[in-house]
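Participant: attaching a predicted model along with its sequence, questions to come.
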Amino acid sequence: MRDFELDAELARRLADAADDAPWTLGGLEEAFGTVFGVSPTLLAVRVLDLMPAPPFEPQTLYRLLRELPRLRPVPLSLDTNESSVWRFDVPRYNTSDDLARSLDLTVSELEWFADRGEWLRTKPLPLRHYRPMQISKKAGARLLEIPKPRLREIQRKILRRILDQVPAHDAAHGFVRGRSPLTFAAPHAQSEIVIGVDLAQFFPSITGDRIHAIFTAVGYPPAVAGILTGLCTVATPADTLRGLPYPQASQLRTAHLPQGAPTSPALANLVARNLDIRLSGLGKANHLTYTRYADDLAFSGSEAADVSTLLWTIEQIAGDEGFAIHPRKTKVMRPHRRQHLTGLVINNQPSYPRDDYDRLRALLHNAANTSAREQNRDGIENFRAHIYGRIMLVGETSVARRRALLRLAERVDWSTESHKSD
């Protein structure tokens, strides 16, 4: 008796979803992504392999989907160091020796920094690779885990050599070259309705297993992918977790993306690629625009949109992809009130509020009259780069504001901008 992949009802819903979709990998991924219970990328690849040209009627696609045989898991051989598929223009590290040489480390040093056995969790802070820093926020404390200089440099090499070569989804605008908060928010300007949704505990919710899957998907053998995963994730020590809410602490005590590592944003974008595919498909199916900036999701379009159904579906898709929605941060913004995303007001042309500009101008004025160090109350490392980044951000929508802030910044003595960090 044949074992089919899809039951009749699921095959029917998938065929209906793909009825008007472009007959491309991206088009089918987005269409299939709106239906629960399937892997949209794998299914799109299988369909295109069997049916390279679009069918004349949906019934043809339904019959193909209904007759797909169930895939059997293929045992993975670990006896070879050679990876069979390299999907991007990345360095081909087939062994731990290859990776160690590339990073100017011995294999022992490589294993020490990867800490795959989580040995350092129980060691004193000076031996650990990360410095913890808690930041108080309205919604609770946020834990930053900042890599010490040697590990940070290793992570920067991984970012430049590997992760920068793997493209994020078009809907992702956070930490992507050429994109910004402005490119994230601008597509939603002057919309009848704007919906903002926040992913809870974005970095901590991304586990080491999911990062390992990214590196193996790129082409690295399991052993090398395991070391790369160790270099880019951390399991937070018990003493650092004291005082944090239990749900947050339970995520942090297992290997996860550290908020503060240079590799984390790029890896998070790659993990969220399937989420972006499915939410883009959901948006198109409802005539809505979708973009994402890190943990901020945005939809916009006609006020006729069925908001309650949309929000329910977003939550289901996010959960299906390993993420959770922060319910108290969901915003439904209509034209009669201020519509804002990532700090930008978008009722008309995107712009930063006057208050943001005034606060930054006051900080620069005070720093020019006292010192940069005096104004660096949070002890931010490389405070000058941080402030110039804020100037570029606030000035992105106004040349006049940017010029005024840059003139103030030129008057600041940056030579003693912060305390030395370990």
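Facilitator: Yep, it's here.

Participant: what's the end-to-end length of stretch 98-114?
Facilitator: 15 Å (C-alpha to C-alpha, to the nearest Å).

Participant: same deal with stretch 136-143?
Facilitator: Stretch 136-143: ends 9 Å apart by C-alpha to C-alpha.

Participant: quick one: mean pLDDT over it.
Facilitator: Average pLDDT, stretch 136-143: 74.

Participant: just give me the longest helix of this structure.
Facilitator: Ranked by residue count under DSSP state H, the longest helix found in the chain is helix 354-369.

Participant: and the strands in the stretch 101-250 of the chain?
Facilitator: Ranges of strands in the stretch 101-250 of the chain, per DSSP state E, counting those that start in this stretch, are 130-137, 140-147, 193-198.

Participant: from the ones you listed, which stretch is densest packed?
Facilitator: Of these, the one with the most neighbours on average (mean count of other C-beta atoms under 10 Å) is strand 193-198, at a mean of 21. Every C-beta, even on glycine, is put in place using the N, C-alpha and C of the backbone.

Participant: so which elements touch that strand?
Facilitator: strand 296-301, helix 307-320, strand 331-333 (3 or more C-beta pairs under 8 Å, 6 or more residues apart in numbering; DSSP states H and E).

Participant: can you rerun that using 6 Å?
Facilitator: If you count contacts as 3 or more C-beta pairs under 6 Å, 6 or more residues apart in numbering; DSSP states H and E, strand 193-198 packs onto strand 296-301, strand 331-333.

Participant: what are the contacting residues of it?
Facilitator: 188, 295, 297-300, 303, 305, 314, 326, 329-334, 339 (C-beta atoms under 6 Å, 6 or more residues apart in numbering).

Participant: shaky segments in the stretch 1-150 of the chain?
Facilitator: 1-4, 71-85, 138-140 (pLDDT under 70).

Participant: all helices of it, in order?
Facilitator: Assigned by DSSP state H, counting those that start in this stretch, the stretch 1-150 of the chain shows helices spanning 8-17, 25-32, 40-50, 58-66, 96-102, 107-114, 149-161.

Participant: what does the fifth one contact?
Facilitator: Counting by C-beta under 6 Å, 6+ apart, the neighbours of helix 96-102 from elsewhere in the structure are 93, 107, 110, 224, 227.

Participant: list the buried ones in that helix?
Facilitator: Across helix 96-102, burial judged by 16 or more other C-beta atoms under 10 Å covers 96, 99-100.

Participant: same check, this time on the second one
Facilitator: By neighbour count, with 16+ other C-beta under 10 Å as the criterion, the buried positions of helix 25-32 are 26-32.

Participant: next one: that helix to chain centre, how far?
Facilitator: 20 Å (C-alpha atoms, centre = their mean, to the nearest Å).

Participant: quick one: contacts of that helix?
Facilitator: So helix 25-32 is contacted by 14, 17-18, 21, 38, 40-41, 43-44, 277, 280-281 (C-beta under 6 Å, 6+ apart).

Participant: could those go into TSV alongside neighbour count?
Facilitator: TSV is the format used below for the contacts of helix 25-32 (neighbours: other C-beta atoms under 10 Å):
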residue	neighbour count
Leu14	25
Ala17	21
Ala18	27
Ala21	20
Val38	19
Pro40	22
Thr41	17
Leu43	22
Ala44	24
Ile277	26
Ser280	23
Gly281	26
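
Participant: could you dump the residues you listed to CSV with distance to Leu310?
Facilitator: Shown next, in CSV, are the contacts of helix 25-32 (distance: C-beta to C-beta, whole Å):
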residue, distance to Leu310
Leu14, 20
Ala17, 16
Ala18, 20
Ala21, 19
Val38, 20
Pro40, 19
Thr41, 23
Leu43, 23
Ala44, 23
Ile277, 17
Ser280, 14
Gly281, 13
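
Participant: so which of those is the closest to Lys148?
Facilitator: Ile277 (36.0 Å; C-beta to C-beta).

Participant: which residues are in contact with the closest one?
Facilitator: Here Ile277 is in contact with 29-30, 33 (C-beta under 6 Å, 6+ apart).

Participant: make it 8 Å
Facilitator: 26, 29-30, 33, 40-41, 169 (C-beta atoms under 8 Å, 6 or more residues apart in numbering).

Participant: closest one to Val399 out of those residues, please.
Facilitator: Using C-beta to C-beta, His169 comes nearest to Val399 of the contacts of Ile277, at 30.8 Å.

Participant: separation between the nearest residue to the closest one once chain neighbours are set aside and Ile227?
Facilitator: Once flanking residues are discounted, His169 sits nearest to Asp276: 3.8 Å by C-beta to C-beta, 6 or more residues apart in numbering. To Ile227, Asp276 is 28 Å away according to C-beta to C-beta, to the nearest Å.

Participant: ok, Tyr92 touching Gly219?
Facilitator: Quick fix: residue 92 reads Arg, not Tyr. Yes: the criterion here is C-beta atoms under 8 Å, and Arg92 meets it with Gly219 at 7.4 Å.

Participant: who's more crowded, the two?
Facilitator: Gly219 (19 against 11; other C-beta atoms under 10 Å).

Participant: so that one makes contact with Phe88?
Facilitator: Yes: using C-beta under 8 Å, Gly219 is in contact with Phe88, at 7.4 Å.

Participant: rewinding a little: got a winner among the contacts of helix 96-102 for most neighbours?
Facilitator: Ranking these using other C-beta under 10 Å puts Tyr93 first, with 26 neighbours.

Participant: how close does the residue lying closest to it once chain neighbours are set aside sit to Pro221?
Facilitator: Computed as C-beta to C-beta, 6+ apart, the closest residue to Tyr93 that is not its neighbour in sequence is Leu99, at 4.3 Å. Distance, Leu99 to Pro221, using C-beta to C-beta: 10 Å.

Participant: helix, strand or coil: sort out Thr291 for me.
Facilitator: In terms of secondary structure, Thr291 is strand; the call rests on DSSP: H, G, I helix; E, B strand; the rest coil.

Participant: contacts only, for it.
Facilitator: 171, 173, 184-185, 187-188, 297-298.

Participant: nearest residue to Thr240 other than its sequence neighbours?
Facilitator: Closest to Thr240 by C-beta to C-beta, 6+ apart is Pro132, at 4.6 Å.

Participant: bridging across strands, which residues link to that neighbour?
Facilitator: On the basis of DSSP bridges, Pro132 is bridged to Glu145.

Participant: contacting residues for it?
Facilitator: 143-146, 236, 240.

Participant: if we go to 10 Å?
Facilitator: 125, 143-146, 234, 236-237, 239-241, 252, 258, 260 (C-beta atoms under 10 Å, 6 or more residues apart in numbering).

Participant: thank you, goodbye.
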